[in-house]
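Undergrad: Got a predicted structure plus its sequence, pasted below:
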There are 4 protein chains.
Amino acid sequence: MSDTFGADRLKSIIERIERLNEEKAGIQGDIKEVYSEAKSAGYDTKAIRKLVSLRKKPASERQEEEGILDSYLNALGMLNTNGAENV
Amino acid sequence: MSDTFGADRLKSIIERIERLNEEKAGIQGDIKEVYSEAKSAGYDTKAIRKLVSLRKKPASERQEEEGILDSYLNALGMLNTNGAENV
Amino acid sequence: MSDTFGADRLKSIIERIERLNEEKAGIQGDIKEVYSEAKSAGYDTKAIRKLVSLRKKPASERQEEEGILDSYLNALGMLNTNGAENV
Amino acid sequence: MSDTFGADRLKSIIERIERLNEEKAGIQGDIKEVYSEAKSAGYDTKAIRKLVSLRKKPASERQEEEGILDSYLNALGMLNTNGAENV
DNA sequence: AAGGAGCCGTTGCGCC
DNA sequence: GGCGCAACGGCTCCTT
């Protein structure tokens, strides 16, 4: 009944998605390997993950957010006000 | 400097959120317990989870979605066309 | 103090991860485009997503899961018992 | 066939889960309201969310993690080395 | 109406 | 091998 009405088109779409998914999975595997290597070398992978995400945002934006957060921490009396401090 | 300008208000907000988060965590714990019990009783928790989510949506809506999916499966020749079939 | 003790090694790790992340993001963008195209062509992208995920698992496994779910639906009296029906 | 073999037990499980889910949804709604109020009062909800999550972990643990992160930032030359420090 | 952000549920990973 | 946690992907709502 609803035979080849758009079957080829649909099939093409599905296959392209699946192909791309495979590529993506490959990359993810590579990333995992790098983390593995890092761990073997004695690095803290959790910190590395954070570092990577930190580098995604420009410093300015990050500082802006930090500023607001600090003002709130301050309002709650949670901010250490000694020399070189942060959260 | 930016001392108690809105500290009390902010503090109240934070504390209410934290209180609610605790309640929420409690409920989540309860849910987890029920699943645990179900598992101990021999039930397949994955199926139960699916069942619960199934019941969230009215049958009509679900059938609509199934219909579309079936037409696509059909277009790809993946649909079993015998008597009482489903995916 | 903890100057260039492993800085180069760390730097290399970070940069490789970032490079891979970029590649990954590129692929994700491509996938998004395909879905966009599918949508423009009148396809239901939600159904396509489900279809893609369906194809990941072998039929046998899927049928097993369906069977369990059906038995639960049945136990709750939620299963349509007419000819070729499912939820 | 598989009539009331465990139907009551299963039914009880499902219903308890659904009841708890409702309670949880209620709490979530309450939380959302508080954030809404905060926003109306001029607070940055994103910062509040971060603040709430910050308070979940004890200071010591957090500082430990910060320390490692800083050493990595330092290794990459990304750390501001002036007086009052932050990320 | 489209894009982005937050939330939720799922999956995979590491730990015990 | 099971458990708990963290990352990922999908969904929904809200903003622009």
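TA: Received it, and whenever you're ready, just let me know what you need. Residues are numbered from 1 along each chain as shown, chains lettered A, B, ... in the order given.
Undergrad: hang on, isn't residue A:23 packed against residue C:27?
TA: Yes. With contact defined as CB atoms under 8 Å, residue A:23 reaches residue C:27; the gap is 5.3 Å. (C-beta placed from N, C-alpha, C; glycine too.)
Undergrad: ok, and does the helix ranked longest in chain A reach over to chain D?
TA: When chain A is parsed with DSSP state H, its longest helix is helix A:7-40. No. On the criterion CB under 8 Å from any CB of the partner chain, helix A:7-40 is out of touch with chain D, staying 10.6 Å away.
Undergrad: Contacts only, for residue A:65.
TA: Taking CB atoms under 8 Å, 6 or more residues apart in numbering or on different chains, we find residue A:65 in contact with D:46, D:47, D:50.
Undergrad: before we move on, which element is the first one in?
TA: Residue D:46 belongs to helix D:45-56 when elements are defined using DSSP states H and E.
Undergrad: And chain B, is that helix touching that?
TA: Yes. Using CB under 8 Å from any CB, helix D:45-56 reaches chain B at D:48, D:51, D:52, D:55.
Undergrad: can you check stretch A:72-79 too?
TA: Yes. Using CB under 8 Å from any CB, stretch A:72-79 reaches chain B at A:72, A:74, A:75, A:76, A:77.
Undergrad: thinking again about what came up before, who's more crowded, residue A:23 and residue C:27?
TA: Higher neighbour count among residue A:23 and residue C:27: residue C:27, with 20 against 16, using other CB atoms under 10 Å in any protein chain shown.
Undergrad: Residue A:27 is in contact with the more buried one, correct?
TA: Yes. Judged on CB under 8 Å, residue C:27 makes contact with residue A:27 at a distance of 6.7 Å.
Undergrad: Could I get the CA-only coordinates of stretch A:8-23 as CSV?
TA: What follows is stretch A:8-23 as a C-alpha-only set of coordinates in CSV (Å, rounded to 0.1, in the frame of the first residue of the first chain):
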residue,chain,number,x,y,z
ASP,A,8,14.3,5.6,-1.1
ARG,A,9,14.5,9.1,0.3
LEU,A,10,13.9,7.8,3.8
LYS,A,11,16.4,5.0,3.4
SER,A,12,19.0,7.5,2.3
ILE,A,13,18.3,9.6,5.3
ILE,A,14,18.5,6.7,7.7
GLU,A,15,21.7,5.5,6.2
ARG,A,16,23.4,8.8,6.3
ILE,A,17,22.5,9.2,9.9
GLU,A,18,23.8,5.8,10.8
ARG,A,19,27.0,6.4,9.0
LEU,A,20,27.5,9.6,10.8
ASN,A,21,26.7,7.9,14.1
GLU,A,22,29.5,5.4,13.4
GLU,A,23,32.0,8.2,12.8
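Undergrad: Which positions in it come out as buried?
TA: A:9, A:10, A:13, A:14, A:16, A:17, A:20, A:21, A:23 (16 or more other CB atoms under 10 Å in any protein chain shown).
Undergrad: want to try CSV for those, with pLDDT as columns?
TA: Shown next, in CSV, are these (pLDDT from 0 to 100):
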residue, pLDDT
A:9, 93
A:10, 95
A:13, 95
A:14, 95
A:16, 95
A:17, 95
A:20, 94
A:21, 94
A:23, 93
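Undergrad: Within range of chain C, give me the residues from chain A.
TA: Close to chain C, as judged by CB under 8 Å from any CB, chain A has residues A:6, A:9-10, A:13-14, A:16-18, A:20-21, A:23-24, A:27-28, A:30-31, A:34-35, A:37-38, A:41, A:43, A:48, A:51-52, A:55.
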